[in-house]
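J.: based on what follows, work out the 3D shape:
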Amino acid sequence: MPPNRSPAPEAPQLTLSERPADASSRRAAMLVVALSAGIFLALAPLADVPLAQAAWFIPLIQSALIINDLTTAALLFGQLRFNRQSAVVVLAGGYVFAAVMAGIHMLTFPGVFSAGGLLGAGTQTTGYLYVFWHLGTPLAVLAYTALRQRKRKLKRPAPVAIAEALAVAVLLAGGLALLATRGNDLLPPMLDGIRYSSAFNSGRYGQWVVTGLAMVVLWRRRTHSVLDVWLLVMLCDSFFEIALVSIFNAGRYDVGFYAGRVYAVVASSIVLVMLLTEYGKMYRELAGAQETARSEASLRESREVLSLAMHGGRMAAWTRDLEHGTTWWTPEVEELTGWPAVALGASDRFFFDRVHPADRENVRAMMDAEAAPQEEFAVEFRLRHADGRWRWLEARGQALLDEDGALTRLFGVAVDITVHKQSAQATAELEARFRALADGMPQLAWMARPDGWIYWYNRRWYEYTGTTFEQMEGWGWRSVQDPVVLPAVVAQIRRSFETGEDFEMVFPLRGADGEFRPFLTRMLPLKDAEGHVLAWFGTNTDITQQRAEEEALRIADRRKDEFIATLAHELRNPLAPIRTAVELIGRAGPLPPTVVRMREILDRQSRHLTRLVDDLLEVSRITQGKLLLQRSRVSLSECVHDAVHAARPALEAAGHQLVEHTDPEPLYANADATRITQAVVNLLNNASKFTPPGGRIVVSSWREDGKACICVADNGIGIAPEHLHSIFGMFSQVSSARERSHGGLGIGLALVRGFVELHGGTVEARSAGTGQGSEFLIRVPLLQSDAPLAETGRQPARPAMLRRVLVVDDNVDAATSLAALLSHEGHEVRVAHGGEEALMLAFEFEPEAVLLDIGMPGMNGLEVARELRRRMGTGVRLIAVTGWGQAQDRELTREAGFDFHLTKPVGQVEVEPLLATRIRAGVGVAERGAVQRH
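T.: Numbering: from 1, shown residues only. Predicted coordinates for the structure are as follows:
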């Protein structure tokens, strides 16, 4: 702990009302009184001698009085900073009153600024103002004396007390001035012409008596302060002034009139000059005392700072007397060693017994002054602490020479460096561990200075590159870079060195075998607390295997897409004649019940298989980012209604109760109506599959926070909590769902999530657990404007237009069944099973529409379409009917000149609208449920 601070010297007493008057002050006051009395005795016999009127005299004298009184009041108020005495406030207020009354008296004096005075004075105004004015100061002195005896202190803040004193003085002066100027009828006259009347006697003798009484009361105090003495002098001169002006003289403009007012200036100046003189004296004393205090404080602070530095730095000072062989230590050594300073310095034996044996020789050499004269020296050694532990100390010193140049003593400091030694040891251990870790890591690693100069590589770097540190130090790493990419690497890494930003880049490095392998290089800055870069740490990770695996994944993904597309094509080819045959059987007239049931089974299962193929392709498109939305302003409520209508037969067949709650307000969104409807249908089918027969399914839609909410809830088998987040994954099916599944690939919910997220929405699954039912909630952003859509109404069904149709397909069953279906509708149909045969029939038959398969042996459908367009122009309608339905397949048909693209299986529902539609410029794409133009 630092030593206790000694008390600072006291400042001198600044308040003159408290400072006792010394002999010099009394002598000066008596001298002034004697001089004033002598002048008064000389002038008194001449007081009534008349003189000429001087209009300039009153403004000059009373302006000086006002300045003196206000300055004195300010100095007295200033004492309140040091002494909160009520007596000083009252005295200062008396001076303010005198200054205000002097000003009013000057403004009412006749013949100065105007004949009757500026304030409209009467004949007795100036006389009464003079009496009131000269009663104020002695009364203030009487109040000052009384309050001094009681030692009254201010109870309010000094600024408030000063404001109150000023207000009282100004208000009192103003009231008396109003009485003297406007109360002529209330006051007896004091002047008869320029002579004083007998009524003035009471006023002039009264102020004289009050002034004398104030002098007596102030004089009778036991002890007088400096202020008291000079107030007595001021009252004495005021006593002489009153005698000359209003007692011994005859009236205005005589010797007494002029001489008395000069006495007034002298009286007002006495206290002011005294205050200024004493203030100067006291401030000089204060400055001296403060300078002494600062010097002592500076010395004390230096000692305390040195002591604090010793304590904080765990240091102790020492001095070695070489002549007597003794050592002196400062008290701080006890904190370092646990041994008292006296004990360590008493004898060298006590000290050296506690120095580590391995260090004694070095320490003794230092203490015997074997170091060169005036040369600084230092030695590190271990000293046994009083608690038995070894502490590391560093002693630094310097030799001191006498006048003859002989060594006399050594002096210096001893510092506890135990923590430093331990930190150095720990740092060395950490560095060794770091190097072992860095050398064992599979990545190439290195470190660089803030400017980019590499000063360390791990062992793996040298093993891979076959280089040495001398070759790689600094910017030598550029020699193992690919020259083609080296400029880009250098530019980017220099930018990181300049800006302090992280570096990441993939570039090749040459190995010891001469081959380049790709490396992912990262570099991070190591910064201090202020954000300055201390060093850079970088790694190079070999990503050859990773790139090979990524390429394998890309190949596998492409093959998967090709397989899905091929699978869909191969499945659609046999589905086409099956679907067509089912439709033809349905139109064959009355059938036996068994045949009807079999047809319904075929129809239902073929549709189910078609939906599985379509879903598989849709998921493939979504995962590849190739699914494009056909957005328009649609009513989501209508989409929900269409979905319910589409799913209702399957729900009713399972015996479920379907409840629909639609928001009465329209829910308009910029969306693809087909995809939204498909998403809701998938949720309804999912609910139907996993709800026991006779279950309850509720479809709801409403508005919430600018979004449309569509919810499908059921009371089915529910979802376990651990499966809620994974249920939207591709091919995801929980075990309980598999046990009760009605078929499917587990991609229905993945499709829902894909469709909804493409619209910028979200889908969420909720369930209280297994057996507690489930709930799926879709949220889709709404349009800001909810203006209803224009009513377009449903287009009336177009009557079928009978056409000449050519069906081309290498699959005989597909071609024959589709031709039979079209013939049944009244069209004239021809069939071809190859490209060349199709061209021959086309030129002979001149069809109006050609339903053309793409994947045929020999001349494929694309080539046939180009040739038909070349020979027949736009007069023929080309419709692709194929099992290939990917985006690139549609692009190929568009470029080949097809008007529409249909994916198998197709039936009368898909084909008839295209045959009945008039063709405009452009090419169309027909998808299940809608016809779209390219």
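J.: ok, and the closest non-adjacent residue to residue 387?
T.: Take residue 387 and drop its neighbours on the chain: the residue closest to it by Cβ to Cβ, 6 or more residues apart in numbering is residue 338, 5.9 Å away. All C-beta spots, glycine's among them, are computed from the backbone N, C-alpha and C.
J.: wait, isn't that neighbour in contact with residue 385?
T.: Yes: judged on Cβ atoms under 8 Å, residue 338 makes contact with residue 385 at a distance of 4.8 Å.
J.: name the SS class of residue 493, please.
T.: helix (DSSP: H, G, I helix; E, B strand; the rest coil).
J.: and the nearest residue to it once chain neighbours are set aside, what is it in contact with?
T.: Closest residue in space to residue 493, ignoring its immediate chain neighbours: residue 503 at 5.7 Å, by Cβ to Cβ, 6+ apart. The contact partners of residue 503, taken as Cβ atoms under 8 Å, 6 or more residues apart in numbering, are 492, 493, 496, 521, 522, 523, 538.
J.: would the fifth one count as being in a strand?
T.: Yes: under three-state DSSP, residue 522 falls within a strand.
J.: and the pLDDT for it?
T.: Residue 522 carries a pLDDT score of 93 in this model.
J.: was I right about residue 333 contacting residue 343?
T.: No: assessed by Cβ under 8 Å, residue 333 is found out of contact with residue 343, at 9.7 Å.
J.: quick one: which of the two has more around it?
T.: Using other Cβ atoms under 10 Å as the criterion, residue 333 and residue 343 rank with residue 333 on top: 23 against 16.
J.: got the phi and psi for the closest residue to the more buried one other than its chain neighbours?
T.: Residue nearest to residue 333 in three dimensions, not counting chain neighbours: residue 316, with 3.7 Å by Cβ to Cβ, 6+ apart. The phi/psi pair for residue 316 (degrees, to the nearest 10) reads phi -150, psi 140.
J.: can you give me the helices in the stretch 551-700 of the chain?
T.: For the stretch 551-700 of the chain, applying DSSP state H, counting those that start in this stretch gives helices covering 593-624, 636-653, 673-689.
J.: same question but for the stretch 101-250 of the chain, I mixed them up
T.: Under DSSP H, counting those that start in this stretch, the stretch 101-250 of the chain gives helices at 125-150, 158-182, 200-219, 226-242.
J.: burial of residue 315, as a residue count?
T.: Applying other Cβ under 10 Å, I find that residue 315 has 21 neighbouring residues.
J.: touching, it and residue 413? I think so.
T.: Yes: the criterion here is Cβ under 8 Å, and residue 315 meets it with residue 413 at 5.0 Å.
J.: that older thread, lowest mean pLDDT across the helices of the stretch 551-700 of the chain, which one is that?
T.: Of all these, mean pLDDT reaches its minimum on helix 593-624 (a mean of 65).
J.: about what we covered before: may I see the ChimeraX selection of the buried members of the contacts of residue 503?
T.: Buried residues within those, by 16 or more other Cβ atoms under 10 Å, are selected in ChimeraX with:
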select :493,496,521,523,538
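J.: of all the contacts of residue 503, which comes closest to residue 665?
T.: residue 522 (54.3 Å; Cβ to Cβ).
J.: same question for stretch 352-364: list its buried residues.
T.: Buried positions in stretch 352-364, judged by neighbour count with 16+ other Cβ under 10 Å: 354, 355, 359, 363.
J.: check stretch 430-443 too.
T.: Buried residues in stretch 430-443, counted by 16+ other Cβ under 10 Å: 438, 443.
J.: centre of the chain to the one helix or strand residue 525 maps to, how far?
T.: Assigned by DSSP states H and E, residue 525 belongs to strand 516-527. Distance of strand 516-527 from the chain centroid (Cα atoms, centre = their mean, to the nearest Å) equals 32 Å.
J.: list the pairing partners of it within its sheet, with orientation.
T.: Strand 516-527 has the following sheet partners, assigned by DSSP bridges: strand 503-510 (antiparallel), strand 533-542 (antiparallel).
J.: so which of those strands gets nearest residue 430?
T.: Closest to residue 430 of the strands paired with strand 516-527 is strand 533-542 (Cβ to Cβ; 14.5 Å).
J.: which parts of that closest one are buried?
T.: Buried residues in strand 533-542, counted by 16+ other Cβ under 10 Å: 533, 536, 538, 539, 540, 541, 542.
J.: test of understanding: give the bridge partners of the fourth one.
T.: In this structure, residue 539 has beta-bridge partners residue 445, residue 522, where bridges are defined by DSSP bridges.
J.: tell me who's in contact with it.
T.: By Cβ under 8 Å, 6+ apart, the residues touching residue 539 are 441, 443, 444, 445, 446, 521, 522, 523.
J.: closest one of the residues you listed to residue 128?
T.: Of all these, the one with the least separation from residue 128 (Cβ to Cβ) is residue 523, at 98.8 Å.
J.: distance of the closest one from residue 500?
T.: To residue 500, residue 523 is 11 Å away according to Cβ to Cβ, to the nearest Å.
J.: residue 461 too?
T.: As for residue 461, its distance to residue 500 is 24 Å (criterion: Cβ to Cβ).
J.: same question, residue 813
T.: For residue 813 relative to residue 500 (Cβ to Cβ), the value is 72 Å.
J.: point out where the stretch 101-250 of the chain drops to low pLDDT.
T.: 116, 120-123, 184-185, 190-202, 204, 222-223, 250 (pLDDT under 70).
J.: the more surrounded of residue 461 and residue 500?
T.: Remark: of residue 461 and residue 500, residue 461 carries more neighbours, 24 against 13, as counted by other Cβ under 10 Å.
J.: hang on, the earlier thing: mind putting the strands paired with strand 516-527 in a markdown table, mean pLDDT and distance to residue 89 included?
T.: Formatted as a markdown table, the strands paired with strand 516-527 follow (pLDDT from 0 to 100; distance: least, Cβ to Cβ, whole Å):
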| stretch | mean pLDDT | distance to residue 89 |
| --- | --- | --- |
| strand 503-510 | 92 | 77 |
| strand 533-542 | 91 | 67 |
